[in-house]
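[1] Next one to model:
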Amino acid sequence: MSTTGLSAQVRTNDGWAVPHAVLTVIDLTGTQIGRVSAGEDGTVVAAGVPAGTYTAIVTALGYTPAARTAIVPASGVATLGVVQLTRVGGLELPPPGPWTIDPQHSVIGFTVRHLGMANIRGRFTEVNGRIEVTEPIERSSVHASISVASLDTSVKMRDAHLLSSDFLEVERYPTIDFRGTGVTPAGDDKWTMNGELTLHGEARPVQLALAYHGAGPDAFGGTRAAFKATAQLNRDDFGISYNQIIRAGTVLIGTTVQVELDIEVVQGTSIPGLEPSGDEANGEQPLAAGGDGRFPA
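    This is a model prediction of the structure:
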């Protein structure tokens, strides 16, 4: 990219390039004389700006705009240097690249109604997968696989029934899989993730309400990030329709399932300090993306 003109390096507060940033140049009369997008490295150049004084405004989706006064000399070459953009909501998003779900610090919880009065809560304690953070963030993707056998409602008899052919059929469908295909902003540090959930052999579109809780260093020299996501499912949509009528208008178990996910991820394709799972100890490889970034089916 040419350096002739008014240029800037657009970065997040932690130094990552913002390739989708836009530089708008306005003269002293309020007339827009240039508008250009940044390249992949965050470099943006408004070429052909005449000598004079201008207001330069840098914007990007999900960031607070930054304005600078720019003086372009007779040579026609000027720079704003590094322009830092702050995420709306105050939290910097995770750096682009692969992030691996830490199964020891992630839990998939669910809640269903019992007799139309009380809440019964349970969780799945084994989840594996990966998030691919992209720039722009809207193109990010995720694949998570949940072990159905890790179901725990604190009552062994109930767990056995839920894993039976009446409900989850664990022998036939050992995993629940989610593939997220993109996110859209939904407020400060909140996003909507669109994807497909495969449960009990049925694949259905699902939206997750996603909240980002920040990123930071861990005890092993790595970087971690945390997310919370919620969704509401109808188990009938997935062919799990077992029920009992207790009295008129009252069923034993509700059909609506509230899902709550607390996910911790580690930057990279491995998790330092993680105890090997049973499969890995037996020589099998954990879930991992292939060379094209896709996960095995």
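[2] The longest helix belonging to the chain: what's the following helix or strand?
    Of all the segments of type helix in the chain, defined by DSSP state H, the longest one is helix 156-162. On the C-terminal side of helix 156-162, the closest following helix or strand by DSSP states H and E is strand 175-185.
[3] What pairs with that following strand, parallel or antiparallel?
    According to DSSP bridges, the neighbouring strands of strand 175-185, each with its direction, are strand 141-147 (antiparallel), strand 190-199 (antiparallel).
[4] The longest one: which residues count as buried?
    In terms of neighbour count (16 or more other C-beta atoms under 10 Å), strand 190-199 has its buried residues at 191, 193, 195, 197-199. C-beta: built from backbone N, CA, C; applies to glycine.
[5] Over to stretch 174-182?
    Residues of stretch 174-182 classed as buried: 175-180, 182 (neighbour count, 16+ other C-beta under 10 Å).
[6] Distance from the chain centre to the lengthiest strand in the chain, please.
    As assigned by DSSP state E, the longest strand anywhere in the chain is strand 202-217. On the basis of C-alpha atoms, centre = their mean, to the nearest Å, strand 202-217 is displaced by 5 Å from the centre of the chain it belongs to.
[7] about what we covered before: what sits up against the longest helix of the chain?
    Counting by C-beta atoms under 8 Å, 6 or more residues apart in numbering, helix 156-162 makes contact with 120, 122, 151-153, 167-168, all of which sit outside it.
[8] how about it: buried residues?
    Neighbour-count burial for helix 156-162 flags L162 (criterion: 16+ other C-beta under 10 Å).
[9] Which entries within the contacts of helix 156-162 meet the buried criterion?
    Among the contacts of helix 156-162, the ones that count as buried by 16+ other C-beta under 10 Å are 120, 122, 151, 153, 167-168.
[10] Please give the element, helix or strand, for the nearest residue to T64 once chain neighbours are set aside.
    Distances taken as C-beta to C-beta, 6 or more residues apart in numbering put T86 closest to T64, at 4.9 Å, once the chain neighbours are dropped. With elements taken from DSSP H and E, the one containing T86 is strand 77-87.
[11] Direction included, what does the helix or strand just after that strand pair against?
    On the C-terminal side of strand 77-87, the nearest following helix or strand under DSSP H and E is strand 97-101. With DSSP bridges as the test, strand 97-101 is paired with strand 127-133 (antiparallel), strand 256-267 (antiparallel).
[12] Flag every buried residue along strand 97-101.
    For strand 97-101, the neighbour count (16+ other C-beta under 10 Å) marks 98-101 as buried.
[13] Let's have the buried residues of stretch 174-182 in a markdown table, adding distance to T12.
    Formatted as a markdown table, these follow (distance: C-beta to C-beta, whole Å):
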| residue | distance to T12 |
| --- | --- |
| T175 | 36 |
| I176 | 34 |
| D177 | 32 |
| F178 | 28 |
| R179 | 27 |
| G180 | 22 |
| G182 | 20 |
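[14] Closest to A70 out of the residues you listed?
    Nearest to A70, judged by C-beta to C-beta, of the buried residues of stretch 174-182 is G182 at 35.2 Å.
[15] was I right about A67 contacting T59?
    No - under the criterion of C-beta atoms under 8 Å, A67 is not in contact with T59, lying 9.6 Å apart.
[16] who has more neighbours, those two?
    Set side by side, A67 and T59 show unequal neighbour counts under other C-beta atoms under 10 Å, the larger going to T59 at 18 against 13.
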